[in-house]
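K.L.:
Got a sequence here, can you build the structure:
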Amino acid sequence: METLLSISPSSSSALLKLPSILFPPNRRRACALIWNSCRPLLTSSLRMAASSQSAPSETIVAGVPSTMKAWVYDEYGDADVLRLDEGVSVPGIKEDQVLVKVVAAALNPVDFKRRQGKFKATDSPLPTIPGYDVAGIVVKVGSQVKNLKEGDEVYGDINEKALDKPKQFGSLAEYTAVEEKLLAIKPKTLDFPLAAGLPLAIETAYEGLEKAGFSAGKSLLVLGGAGGVGSLVIQLAKHVYGASRIAATSSTGKLELLKSLGADLAIDYTKENFEELPEKFDVVYDAVGQGERANKAVKEGGVVVVLTGPVSPPGFRFVVTSDGAVLVKLNPYLECGKIKALNDPKAMAESC
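P.N.:
Okay, the predicted model is just below:
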């Protein structure tokens, strides 16, 4: 995540505070899931969300206006192309969609890259409302929707294909229209801000492990283990897949964090070259773009999952596909605390 937005869109003051946390010009690394590095952003954001969370769902469902406030850009560029539009039409829904009242949203690196025009060839038309991740309340359902109803608290990544015609009207608005299959019921133990920070990152972590054929008894090296995706890869490998051994890299100050997440071996990349270790791994999950160095750390016949940077065999790169069924599968682990988002101040507390 680039940053987490916990918003009460019905409040003009809340929306007007968003420019400072939308696309921080000096933050290139994903940070919504890293509590310590984002505390100033998250503290104010969590405070903004509190008022909307205290209201029961029924009061929010009561009525849907014809227009809404939203953050919009009409051209590609830096953060200054964003503008607050207070008269955007509330999106209609298709038969398989629901209308979600947005309580919290999160921005990912793909959002600012998209805003910069790096995916013009496959992007949706301008003007664009950015935002992939959302947590909110269902206020309207399409005729073919089977499992969700008005008042349900949901979360998800609203774009099935991250780079293939993502929605023109994203989650940085008071309302967003989403296919039912992309959403899941929000875990009761997660508030809206925490839930909004998870979908794209946890689905990326999960899909990468699936595509790598990861399974119980295999070993794993995570490059960038303290990041949004990397931290979730460690937890999924340990608690969902049953990894035999997990190693992960980070800076000196994050080594204890890696261990608390479930890493058996925490590697300080500022002092050690992971590729020179005698131990090799069944799967290397490269979340930070290490290229050929990652390939040197994998066993013969192993697999390297690459999220960014150069890739060569046995490495492969993929673009995540949003799937609410993945969130449904992982919800029990989130609800009991076995898997935690790092923007949770209680994330390292004892779990079930």
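
K.L.:
quick one: the strands in the stretch 251-352 of the chain?
P.N.:
Counting by DSSP state E, counting those that start in this stretch, the segments of the stretch 251-352 of the chain that form strands are 265-268, 281-286, 298-306, 315-317.

K.L.:
partners of the last one in the sheet?
P.N.:
Okay, so that is strand 315-317. Partner strands for strand 315-317, per DSSP bridges, with pairing direction: strand 298-306 (parallel).

K.L.:
Equivalent analysis for the first one, please.
P.N.:
In the sheet, strand 265-268 lines up against strand 245-250 (parallel) (DSSP bridges).

K.L.:
quick one: the helices in the stretch 151-300 of the chain?
P.N.:
192-196, 199-211, 228-236, 255-261, 292-295 (DSSP state H, counting those that start in this stretch).

K.L.:
Looking at stretch 189-208 now, give me its mean pLDDT.
P.N.:
For stretch 189-208, mean pLDDT rounds to 97.

K.L.:
Domains in this protein, by residue range?
P.N.:
Domain assignment for the chain by automatic domain parsing gives 3-197, 205-317.

K.L.:
so can I have a markdown table of those showing mean neighbour count and distance to G337?
P.N.:
Using the backbone N, CA and C atoms, a C-beta is placed for each residue, glycine as well. Conversion of these to a markdown table gives the following (neighbours: other C-beta atoms under 10 Å; distance: least, C-beta to C-beta, whole Å):
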| stretch | mean neighbour count | distance to G337 |
| --- | --- | --- |
| domain 3-197 | 19 | 7 |
| domain 205-317 | 20 | 10 |
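
K.L.:
Worst mean pLDDT among those domains?
P.N.:
Within the domains of the chain, confidence is poorest for domain 3-197, with a mean of 78 (mean pLDDT).

K.L.:
Who are the packing partners of the longest strand anywhere in the chain?
P.N.:
Within the chain, and with DSSP state E defining each element, the longest strand by residue count is strand 97-107. The contact analysis (3 or more C-beta pairs under 8 Å, 6 or more residues apart in numbering; DSSP states H and E) places strand 97-107 against strand 3-6, helix 35-54, strand 133-141, strand 175-179, helix 192-196.
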